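*Asks:* fold the following, please.
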Amino acid sequence: MRWTGTIRPSSKGRYTLYAEGDNQIKVFVNGRLLLHKESTARREISKEIKMDNQPAQIVIEYIHTIGEPSLHIAWSGPDFGKQILTPENGSHIL
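*Replies:* Okay, the predicted model is just below:
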């Protein structure tokens with residue numbers, strides 16, 4: 001599966017993106033591969049990225065094989081704690 005959207009950082013600074021789930025996950029921000037989980041074991045990976053307060057394109061790719069699917073994408077930033085990305089999350093849009 002592939003999801004595309006836009007995230008809107010509220011200010012310039014360091015943000016962390018998190019991907020937690022089973023099977024394979026890729027997260028791209030502005031065309032750059034930021035997270036890549038290849039293991040089929042359920043676990044969380046994260047990476048910090050410097051962002052301006054400009055909208056950024058995000059693409060999430062998820063490959064699921066067997067069992068119940070499980071995928072959570074979250075982020076945190078200079079003025080907010082870790083929160084799950086949802087289709088509409090305040091001014092943060094996915």
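
*Asks:* residues in contact with the residue nearest the centre of the chain?
*Replies:* The residue lying closest to the centre of the chain (Cα atoms, centre = their mean) is residue 73, at 4.4 Å. When contacts are counted by Cβ atoms under 8 Å, 6 or more residues apart in numbering, residue 73 touches 17, 18, 19, 20, 27, 60, 84, 85, 94. All C-beta atoms are positioned from the backbone trio N, CA, C, and that covers glycine.

*Asks:* give me that answer again for 10 Å
*Replies:* 3, 7, 17-21, 25, 27, 35, 58, 60, 62, 84-86, 94 (Cβ atoms under 10 Å, 6 or more residues apart in numbering).

*Asks:* also residue 74?
*Replies:* 16-20, 44, 46, 81-86, 89.

*Asks:* now do residue 33
*Replies:* Residue 33 neighbours (Cβ under 10 Å, 6+ apart): 26, 27, 47, 59, 61.

*Asks:* change it to 8 Å
*Replies:* 26, 27.

*Asks:* can you check residue 1 too?
*Replies:* Residue 1 touches 61, 62, 63, 64, counting by Cβ under 8 Å, 6+ apart.

*Asks:* for the helix or strand where residue 19 lies, which positions count as buried?
*Replies:* Secondary structure from DSSP states H and E places residue 19 in strand 13-21. Neighbour counts over strand 13-21 (16 or more other Cβ atoms under 10 Å) mark 15, 17, 18, 19, 20, 21 as buried.

*Asks:* stretch 37-45 now?
*Replies:* Counting neighbours by 16+ other Cβ under 10 Å, the buried set in stretch 37-45 is 37, 45.
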